[in-house]
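Novice: What follows is a predicted protein model with its sequence.
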Amino acid sequence: MRGWRSPSLDNSKIQDIAAKTGAQIISNRGSIVLMVTQDRLRDICKMKQNELPEFYHLTTITGVDEGNTISLYYHFWQGKEFLSIKTSVPKDNPTLDSLSDILPASLFYEAEVKDLLGVIFKGNPLMDRKLLLPDSYPAQAPPPLRKEADPEKIRKMMELE
């Protein structure tokens, strides 16, 4: 956090949001990441909507298999600056409350993350269907972007080889 300055943001707003939610601030080249626990994700997104309305555009959600956890980055964009909110879920219980009621654009991004990494977003109406994967994708196979996913085994399960 030392030496961090955003060229056009009111830094006190970022610091206030972080203080109220227990988030850690990380910045790099005009990009700001607020790391928060999953139980504070909804709170921080609501605060962002109210206190940083210029970051209204959710551009995507990135999921990363970190081994025992899956990290989720909610990326917001405004001009030449990016704000990301990061949280993690345990891989053995990858569930998180949906943000689709707060951020309508997250509806389909959450469905993509569910298909590709197996994170279940409670409250998202798209969790009962596949968005990106074929209906023939084996239920017993790990989601394709998980580290334990073996493409050759999955292809055999799908009788593609």
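Specialist: Yep, it's here. Residues are numbered from 1 along each chain as shown.

Novice: Given the helix or strand bottoming out on mean pLDDT in the chain, what are its sheet partners and their directions?
Specialist: Ranking every helix and strand in the chain by mean pLDDT, DSSP states H and E puts strand 24-28 at the bottom, with a mean of 86. Strand 24-28 has the following strand partners under DSSP bridges: strand 31-35 (antiparallel).

Novice: So what's the gap between the partner strand and the chain middle?
Specialist: 12 Å (C-alpha atoms, centre = their mean, to the nearest Å).

Novice: Name the residues of it that are buried.
Specialist: Under the neighbour-count criterion of 16 or more other C-beta atoms under 10 Å, strand 31-35 has 32-35 buried. From N, CA and C alone the C-beta is placed, and that goes for glycine too.

Novice: low-confidence ranges in this protein?
Specialist: For the chain, the stretches with pLDDT under 70 are 1-10, 30.

Novice: Follow the chain on from the helix or strand Ile85 falls within and name the next helix or strand.
Specialist: Ile85 belongs to strand 81-90 when assigned by DSSP states H and E. Where DSSP H and E defines the elements, the next helix or strand beyond strand 81-90 is strand 95-97.

Novice: Tell me which residues are up against the helix or strand following that next one.
Specialist: Next helix or strand after strand 95-97 toward the C-terminus (DSSP H and E): helix 106-117. Contact with helix 106-117 is made by 58, 60-61, 63, 65, 70, 72, 74, 94, 98-100, 119-121, 124-127, 129-133, 143-146, as judged by C-beta atoms under 8 Å, 6 or more residues apart in numbering.

Novice: and the residues you listed, which are buried?
Specialist: Using 16+ other C-beta under 10 Å, the buried ones in the contacts of helix 106-117 are 58, 60-61, 63, 65, 70, 72, 74, 94, 98-100, 119, 121, 124, 126-127, 133, 143-144, 146.
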